[in-house]
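> Here is my input; please provide its structure:
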Amino acid sequence: MYVSTAYLNTIADAGAGEVAKIILVDVQTAASYPENQVGEDKIEGSEEDFELDTTEDGVWRPDRDLTFTIAGGDAVRGWRALDSLDNIIGGADLTEETYTNEGQYTLLAAQTGFVHALQE
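Presented below is the predicted three-dimensional model:
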């Protein structure tokens, strides 16, 4: 089976257009929002604006690393992309990091995003 790069790029561009923000969550797998949110970075409307980069074929990623402030007592266990209605579009589980005191967590752009590819 063959899928063109143009088609994969169309999917990535359309998907990126649905993302309103990226959050961190303190549960793994199917996290509910906002009960499990521990950090948030919005695409627009905040001091920490970012855009989604779709220059890599079939992929969207944040255009920079995202740094979140995490309250003491919280744990980071995953990230989720949300649409403008706060519906979870997707995301990934992360290796757990627990914070005794307030701290910062950096989500690396190169390791965050959606990769659209043909599964063979």
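
> how far does stretch 54-69 stretch from start to finish?
Terminal residues of stretch 54-69 are spaced 26 Å apart (Cα to Cα, to the nearest Å).

> any residues touching it, and which ones?
With contact meaning Cβ atoms under 8 Å, 6 or more residues apart in numbering, stretch 54-69 is reached by 5, 8-9, 11-13, 15-16, 19, 22, 24, 38-41, 48, 50-53, 76, 102-110, 112-117. All C-beta spots, glycine's among them, are computed from the backbone N, C-alpha and C.

> Figure out how far that stretch is from the centre of its chain.
8 Å (Cα atoms, centre = their mean, to the nearest Å).

> Would you indicate which residues of it are buried?
Buried residues in stretch 54-69, counted by 16 or more other Cβ atoms under 10 Å: 54, 58-62, 66, 68.

> Now it: average pLDDT?
Taken as a whole, stretch 54-69 has an average pLDDT of 89.

> and what of stretch 84-103?
Rounded mean pLDDT across stretch 84-103 is 88.

> which residues touch that stretch?
With Cβ under 8 Å, 6+ apart, stretch 84-103 has contacts from 15, 18-20, 22, 25, 28-29, 31, 33-34, 69-83, 105, 112, 114.

> ok, and for that stretch, which residues are buried?
91, 94, 99.

> Just the buried ones among the contacts of stretch 54-69, please.
Here, 16+ other Cβ under 10 Å leaves 8-9, 12, 15-16, 19, 22, 24, 38-41, 50, 52-53, 76, 105, 107, 109, 112-114, 116 buried among those.
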